[in-house]
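S.K.: all I have is the shape, not the residue letters:
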């Protein structure tokens, strides 16, 4: 499994961390159309919407998401 920081806005507090066995390509293929749709049409989404879309697209994969200022260790 890998850890990804998902950043879709200019606001760092809206980032979330995703632990998953999905690839970066799989994640991007699901999340990018949702983000682009909001930018073009104004239809808003939440991080939960993005996470739910990943789970719907890949129900057999492991997908764990953490929000709200998770503390990461930087070395």
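M.R.: Yep, that arrived. Note that the structure is predicted; figures quoted are calculated from it, not measured. Numbers count the residues shown, from 1 in each chain.

S.K.: and the longest helix along the chain, what does it pack against?
M.R.: Scanning the chain for the helix with the most residues, using DSSP state H, yields helix 24-41. Contacting helix 24-41 under the criterion 3 or more Cβ pairs under 8 Å, 6 or more residues apart in numbering; DSSP states H and E are the following elements: strand 2-6, helix 47-57. For every residue, glycine as well, the C-beta is placed using N, CA and C.

S.K.: can you do 6 Å?
M.R.: Contact here means 3 or more Cβ pairs under 6 Å, 6 or more residues apart in numbering; DSSP states H and E; on that basis helix 24-41 packs against helix 47-57.

S.K.: buried residues in the helix it packs on, which are they?
M.R.: Neighbour counts using 16 or more other Cβ atoms under 10 Å place 47, 50-51, 54 of helix 47-57 among the buried residues.

S.K.: between strand 2-6 and it, find me the angle.
M.R.: On the basis of axes from the mean of the first three to the mean of the last three Cα atoms, to 10 degrees, helix 47-57 is oriented at 140 degrees to strand 2-6.

S.K.: what's downstream of helix 47-57, the next helix or strand?
M.R.: Note on helix 47-57: by DSSP states H and E, the next helix or strand toward the C-terminus is strand 63-66.

S.K.: now do that following strand, average pLDDT.
M.R.: Mean pLDDT, computed over strand 63-66, is 92.

S.K.: what is the neighbour count of residue 22?
M.R.: Residues near residue 22, counting by other Cβ atoms under 10 Å, number 21.

S.K.: ok, now the one 10 residues further on?
M.R.: Residue crowding around residue 32 was assessed by other Cβ under 10 Å; the count is 11.

S.K.: how near is it to residue 16?
M.R.: 16 Å (Cβ to Cβ, to the nearest Å).

S.K.: and if you look at residue 44?
M.R.: For residue 44, the distance to residue 16 equals 16 Å [Cβ to Cβ].
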